[in-house]
Structure formats: C-alpha cells, structure tokens
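J.: show me how the following folds:
(2 chains)
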Number of protein chains: 2
Amino acid sequence: MGAKWYLGTGAQNDVVINTSIHLARNLRSFPFPARLSLPDKLKVNTVIKESADTISGYKFNYNEMKTLSQSEVVSLAERHLVSPEFASSRDGRALLLTDDEAVSIMLNEEDHIRLQVMYAGFALDEAFRTATAIDKELSQKLNFAFDDKLGYLTQDPIALGTGMKASVVLHLPGLVTTSQITKLITTVSKLGLSLRGSYGEGAAAKGDMFRLSNTITLGISERAAIENLKSIALQIAAQERTAREEIFKAPVTEDRIYRAYGVLKYARMIDTNEFMELMSLVRLGAVKGIVNMDCATIEALMIHMQPATISLSVDRPLDRIERDKLRASLVRQNLG
Amino acid sequence: MGAKWYLGTGAQNDVVINTSIHLARNLRSFPFPARLSLPDKLKVNTVIKESADTISGYKFNYNEMKTLSQSEVVSLAERHLVSPEFASSRDGRALLLTDDEAVSIMLNEEDHIRLQVMYAGFALDEAFRTATAIDKELSQKLNFAFDDKLGYLTQDPIALGTGMKASVVLHLPGLVTTSQITKLITTVSKLGLSLRGSYGEGAAAKGDMFRLSNTITLGISERAAIENLKSIALQIAAQERTAREEIFKAPVTEDRIYRAYGVLKYARMIDTNEFMELMSLVRLGAVKGIVNMDCATIEALMIHMQPATISLSVDRPLDRIERDKLRASLVRQNLG
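T.: The predicted structure follows:
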C-alpha cells in the first residue's frame, strides 16, 4: 500500500477528518444501470475506463468488482471508497481507483459514473477543483445526460441538478458528550444539509464521527452548495471546540482518555465498536497533546481496524474472536 | 517504613495472602475494659507494656491511641493491625507494635490484651508458634484470667476457651467468577469456620479477598482448631486453583487481566473499589505469569492504596477526588 489520502494531516484536523466531493454522471447513450443488461454494463465500463485512462495526471487502476473477494469489496466500503450499496451487488460493476485512493470512480452504481475525490482535513475547494477538472476531461470524451432545465440527469431524482454531493467528516466527541448533537442534527437538516454517523450506516455514530453533506442539488450552483457546507462545517467545528473546552474542565475527561489509551495498549481482544469508542477518546487526547499519537496514525488505524479490512491482513477467513484478537494485537503494535 | 510482614512471599501465595493468629487475654486483677475507668485502663496499659518490654527477641513500639491522628488510626485498621472497633474509640487504648508489623498487641480493646501475629502466605504453624511463645512470656509476668473449666476468660463469651482466633486471607477470584463462593461460605460455616470479605467489613469482598477464620474456641484445643482451619484452607485453595484453570480456558480472562493492568497503568483517577477489583485481576495474572509483577508488590499496593493509608503519604487532608488522583499516580509509579 502506498501513501493514502488519510496518511497526511489536513486543515482543521482537530475536528475535520476528511473532505469529499461526489459527482453523479450518466452517459446519454445508455439507459440508467438499473435498466442495463450485463453486456451493456460491461460496455459502459469499457467506454468510461478508456476515457479515464486519457486523463493527464491521474493513473487509475481498474477492477471489475466480481474479480474481488468478499473481504476486499467490504474493505473498500469500510474505507469509504465505494458505497455499501455498490459493495452489495457486484455483477457488471467496476471501480477506477488511484494509488493514493484520493480519486475513485464507481462504474454502474446507481449511475454510470460516481466520481469521488477525498482529501484529508478541511479541503472543500481543493477537492472540488480536482473533481471538476476530472469531470471536465471526462465530459470532453463522454456525452453526459444533461438537461438545460434540470441539469445532470440521475437515476434518483434526489441528485438531479448538480449531481454533486459534498461532505466533510467531523469528529464531534465534545458535542456528543455534552448532548448537543441531537439538536444539531435537527438544526442542520433545516439548512439543507444532513449530519449523520460516518461509520456504521444508520446506527449510532461510531467513534463520534459524523458526515456533514449537502442534500440540495437542484436550483443551487455547486459553488453555492459548497460555500453553504463550508460555512456550516466551520460553525460546527467552532461549537465542537467550545464543547471540548467545557468537557476538559472536568478531570474525568483526561482520565477517560488515558484509560482508553491504556485499554487499547493492553487489551487482548477488542471489537470494532469498542475500538472506535476508545479511539475517539484517544484522538481527542492526541489533539489536546495529552496522548502522543499523530492524527494520521489514528485515522489510518480507524480505517484499517474495520472488520473486513482487518481480515485482508491475513490469508484466511477469521471468526469474530480471532478478528477481535488480531485487532487488539495490531492496535498494540501501532500504539508502540 | 522498614520491611513489613507483607513484603515477602509466603507459602501457597498464589492463593493465600497471609496468616494471622489472635489471642485474647485478660488480667485477673482488673475488670474487663468495658468496666474499667480511664486511670485503670492506663494502669493496665503500663503493666502490659512493661511485661512486653521484657520479651526477648521482640522490640515493641508503644503508642497511646489518642496521640495518633485520625488518618494514622484508620490506616492501622486498613493494614489490619488494629480492629475497626479499636480504631473507633481511642481513649485509654494503646498499641504495641513491632517494626515489621508482624506482631501487634491491642491494649484495652474488648479484652485487656489482643495479641496478633501476622505472616505472609500460609504459615499457621509458624504464626501459632510465635503467638504461643509471646503469650507464654507474658503469662509469666501477668496473671491471666483463666478458669479450669472455661479456659481463658474473655469479655465476649464467644471467645471463651482458647481465646484464639486463627485466620488466613485467601484470594479467590476463580471461585467468585465461577459463582461458587456463596455456596462455599455456607458450607464453611457448617464446619465451624467463617469466610468473609477481608477488605470492607460487611460489604462485598473487595479484590476477591476473603478471610477464613475459626469460630469455635470452646471445647477444642488450639492445635485442633488450627489443624481444622489448615485442612479447609487447603481444600479451598485447591478448589480455587481448579476454578482458575476453568476461567483461563476462556480468552476473555487473559483479556480482562491485561485491560486491568492497562487501566491501572494509565488512569488518572481511581477509587478504592475499582482499584481493588483491577488489582485482583492483576494478581491473578501475576501468579499465572501473564503480568510481570511480584505478589509482594501487589500486596503492599493493596494495603497502601486504602483511603486513610494513602492520605498518610501527604501532609494535608485530601478530598475524594484528590485522593483518587493521588492513588492513580502512586499506582502508575508502582507499575513502572
């Protein structure tokens, strides 16, 4: 594995873990993937792959999903390189992925093209610039389904318009501990954004990690959507910092951080949920300078310790107990 | 502080923490302490002290209880050198104590003399030999209240006869974890013995530490009482070892031990109950060779981390949070 997007420290990384821009695009000359035969899907893959190969400055690795093992596919989802939906059904689907995993293109997910650009830290402008540049190059080779009134056509009408989803993943232990998070989720939804757990779809936010995304794609420019997201993300980050100052006034916070570190350093078995919970405390301590760990290592661990990704590090299938043991062992090594 | 009884490792110390022999004696020429005036109590103290000073091979430090601070007195109780009852009311009471704390004599507790000999590990014969030797020397100087039919006279009829209570403190995490302890307590009580928490009177046994003592002093010789206790203690120790083998079959046991060690090594605040609970696991691990700590250090920590004893290590009174912080800090130092 080469250097990945998360193996660096981005802007505002006390709170902002990463930024991503997703663009949904469809080829005018093919029906949406749901109505596409398998041979036609493969044709779509080939057409897009060939166009992507001509983009200067980016080298994509092409993988047909059905050639990958179950663990490899689930691991891609755990690393947020493909959607869980994409991982769940593999026939006719393919993935274009750069070595640094900063750019990925799902082929034949809900749309023909789901382009994702993901950067560490708070980097909406940079990610948008990259996504736009790649989109522009692709659009010169491919004829995208576009309507002058509706914008980019997508299978799900919810993405109609810009077809763009911008997200930042935020670490919000302060707002969770001070019980401000529920109200914030409601507030944010009224502003055309969604805020929800980044690890574990639907479930409670593991590791206090939340994804803030725009939900409106119609009647708003990409620029305006990004500025809106940026402004609210910065407000939430400021609120989070205030909440952290608050919780650090109680000595129990420092104690909890050290205990989390101690358990991670000594446990012989550890499941994903507990790992994420403890790691959230350790990250809070690392940012505060209490725990001597850099955020890049923490982000990498959070990704590599997910169930399927961890299984990739050994040659054979692991049951839950073996996996929890392996996780504990790998965590100990990484905590030094 | 010089070397104490617990700073050594005794026989069977995987299970047996320490052994003690208590002898209750009264002077024939004085009423029991409950009916004694303060001047007479002081007279009793002086008479006994002078006799004790003549015993060859033992040098006793004499302290009138009312000259000690509240923390010093409670700490003596935490170290099991005086009874909680003795610590609760100090007027007219005094303590004779050897430097190694192996021999202590409470003066004017319920009886004029409460001699205690305490050794590390399983050492009933040795402790009884020492107690008998001291008792013999004292009896040559002092006229003990003794009745040919009833034996030694004591204020509480329960101790009439030999006036001897023999105890071993047992570490029983295996029997607690496998839920065998409640039944064992009932069984033991039918055999003329009592088994109960060693730390924290009445409460649940902190740190899985239990005191096994004889309850019968009348109609049985000291020798017979000790042999009975010895035999049952050995049976319980064997049962405990079997239970430990059982619980170590589940990988969670090793995990719990390591986690306990990790928390002790990193926590910034820790209260007595949690400390004892974690230390019990660490002791189990140390005996098994999982944790690199010797039992003597563990025993010393268990004693020194009790609330009043810990307060003695600083010059000023501590509130609960300060004490829990100091405990965590001292524990970290001792875990190296």
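
J.: please count neighbours and contacts with C-alpha atoms only from this point.
T.: Fine.

J.: ok, which stretches of chain A are helices?
T.: A:38-53, A:70-78, A:84-88, A:124-141, A:173-177, A:181-189, A:222-248, A:251-266, A:272-288, A:295-304, A:307-311, A:320-335 (DSSP state H).

J.: of those helices, which is nearest chain B?
T.: Taking CA to the nearest CA, helix A:251-266 is the member of these nearest to chain B, at 4.2 Å.

J.: tell me the spacing between the residue nearest to A:V291 when sequence neighbours are not counted and B:L326.
T.: Of all residues not flanking A:V291 in the chain, A:G285 sits nearest, at 5.2 Å (CA to CA, 6 or more residues apart in numbering or on different chains). Distance, A:G285 to B:L326, using CA to CA, to the nearest Å: 21 Å.

J.: go on, A:S329?
T.: For A:S329, the distance to B:L326 equals 31 Å [CA to CA].

J.: more neighbours, the two?
T.: The residue with more neighbours, out of A:S329 and B:L326, is B:L326; 22 against 18, by other CA atoms under 10 Å in any protein chain shown.

J.: neighbours of the residue lying closest to A:I185 once chain neighbours are set aside, how many?
T.: Leaving aside its sequence neighbours, A:I185 sits nearest to A:L195 (CA to CA, 6+ apart; 5.6 Å). For A:L195, the count of nearby residues is 23 (other CA under 10 Å).

J.: ok, A:L195 - contacts?
T.: Counting by CA atoms under 8 Å, 6 or more residues apart in numbering or on different chains, A:L195 touches A:I185, A:V188, A:S189, A:F210, A:R211, A:L212, A:S213.

J.: check those and tell me the two furthest apart.
T.: The largest distance within the contacts of A:L195, taken as CA to CA, falls between A:S189 and A:F210 and amounts to 13.6 Å.

J.: pick out whichever of the two has more residues nearby.
T.: Neighbours per residue (other CA under 10 Å) separate A:S189 from A:F210, with A:F210 holding more: 26 against 15.

J.: so where is chain A shaky, pLDDT-wise?
T.: Within chain A, the segments meeting pLDDT under 70 span A:1-9, A:200-204, A:336.

J.: please tell me how far the closest residue to A:F275 other than its chain neighbours sits from A:L301.
T.: Closest residue to A:F275 apart from its sequence neighbours, by CA to CA, 6+ apart: A:L264 at 7.6 Å. Here the criterion is CA to CA. By it, A:L264 lies 12 Å from A:L301.

J.: now the common contact residues for the two.
T.: By CA under 8 Å, 6+ apart, A:L264 and A:L301 have these common neighbours: A:V331.

J.: which of the two has more residues huddled nearby?
T.: Counted by other CA under 10 Å, A:L264 and A:L301 do not tie: A:L264 has more neighbours, with 28 against 20.

J.: spit out the contact partners of the more buried one.
T.: With contact set as CA under 8 Å, 6+ apart, A:L264 has these partners: A:F275, A:L278, A:A328, A:V331, A:R332, A:L335, B:G262.

J.: OK, contacts around A:L142?
T.: Applying CA under 8 Å, 6+ apart, we find A:L142 in contact with A:L27, A:I48, A:S51.

J.: now tabulate those in TSV and tack on distance to A:S88.
T.: Formatted as TSV, the contacts of A:L142 follow (distance: CA to CA, whole Å):
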residue	distance to A:S88
A:L27	23
A:I48	22
A:S51	26
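
J.: out of those residues, flag the one nearest to B:Y119.
T.: For the contacts of A:L142, the closest approach to B:Y119 (CA to CA) belongs to A:I48, at 82.0 Å.

J.: okay, now that closest one: neighbour count?
T.: By the measure other CA under 10 Å, the count of residues near A:I48 is 20.

J.: and if you look at A:Q70?
T.: Using other CA under 10 Å, A:Q70 has 16 neighbouring residues.

J.: and what of A:I236?
T.: Count around A:I236 with other CA under 10 Å applied: 19.

J.: any idea how far it is from A:A243?
T.: Per CA to CA, A:I236 is found 10 Å from A:A243.

J.: for chain B, what are the nearby residues on chain A?
T.: Within chain A, the positions near chain B by CA under 8 Å from any CA of the partner chain are A:252, A:254-256, A:258-269.

J.: buried ones in stretch A:250-270?
T.: A:253-270 (16 or more other CA atoms under 10 Å in any protein chain shown).
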